[in-house]
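Participant: here is my input; please provide its structure:
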Amino acid sequence: MAKKNVSKSQKNILIWLIFSLILVLLLIVTITTAYFSNSKNSSGTIQLGEIDFTIFENNVTFQNIVPAQTINKTVSISNSRDEAGRDVRNLGAILFRFTFSAITNDLGEDVGSQNVNNFSLENLASIVTNDDYTFCDGYYYFNGILMPSEQTYLCSGISFSSLIGNEFQDRGISLIFNVEAIQAENEAYIELWPEAPSNWVSIIEHPNWYIYS
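Facilitator: Modelled structure (predicted):
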């Protein structure tokens, strides 16, 4: 009978030993699987980009222009803050479009019933340009992206119609280029120029299509 009690006590001791051993092992695992951690904050400044450009022309004086004449008047754009294309700090790539108009001042009674100042020449004067532009609804859209420091012509000449009459004799003519530029990234033209012609959009989105078409 005593043997049975001793045996039972030994079993209880053995169970507690095993339980204690398991508890120690769990503590060891818990300790060995702990990780060191730390956290720090960092701050800095990011310089945002800017859209800017320069419009300039050849400084050539033209006098005694007659109907049907074309003059070599060049007007250029530079994606920079100077004509030389050197000041490009913080400038981004741009898309641009422009309109052209020509007016002459103080025509007075010479235009008969149209007795107004700043008389529009409408189609009597037009620009000479090339395939770098898509024309639509009065706008000339540049068929590409103008990178910082890059330059291109808006026009290489001005043509005067043979329809210009005597009322324009000895008058000064003002040539007006209105240029609009937007960022080239992130398809800004979709929101800002929703009226842009589809063939120009195809060129901008798939430039190889334009090159090989």
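Participant: residue ranges of the strands in the chain, please?
Facilitator: 54-57, 70-71, 75-78, 94-104, 119-120, 125-128, 133-136, 139-142, 151-155, 157-160, 173-183 (DSSP state E).
Participant: which elements pack onto the fourth one?
Facilitator: Here strand 94-104 touches strand 119-120, strand 125-128, strand 139-142, strand 151-155, strand 173-183, going by 3 or more CB pairs under 8 Å, 6 or more residues apart in numbering; DSSP states H and E. C-beta: built from backbone N, CA, C; applies to glycine.
Participant: okay if I get these as a markdown table plus mean pLDDT and mean neighbour count?
Facilitator: As requested, the helices and strands packed on strand 94-104 are exported to a markdown table (pLDDT from 0 to 100; neighbours: other CB atoms under 10 Å):
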| stretch | mean pLDDT | mean neighbour count |
| --- | --- | --- |
| strand 119-120 | 64 | 16 |
| strand 125-128 | 90 | 18 |
| strand 139-142 | 96 | 22 |
| strand 151-155 | 95 | 18 |
| strand 173-183 | 90 | 15 |
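Participant: nearest to residue 197, out of these?
Facilitator: Judged by CB to CB, the one of those that comes nearest to residue 197 is strand 139-142, at 7.0 Å.
Participant: what lies in contact with that closest one?
Facilitator: 95-100, 127, 129, 132-135, 152, 154, 196-197, 200 (CB atoms under 8 Å, 6 or more residues apart in numbering).
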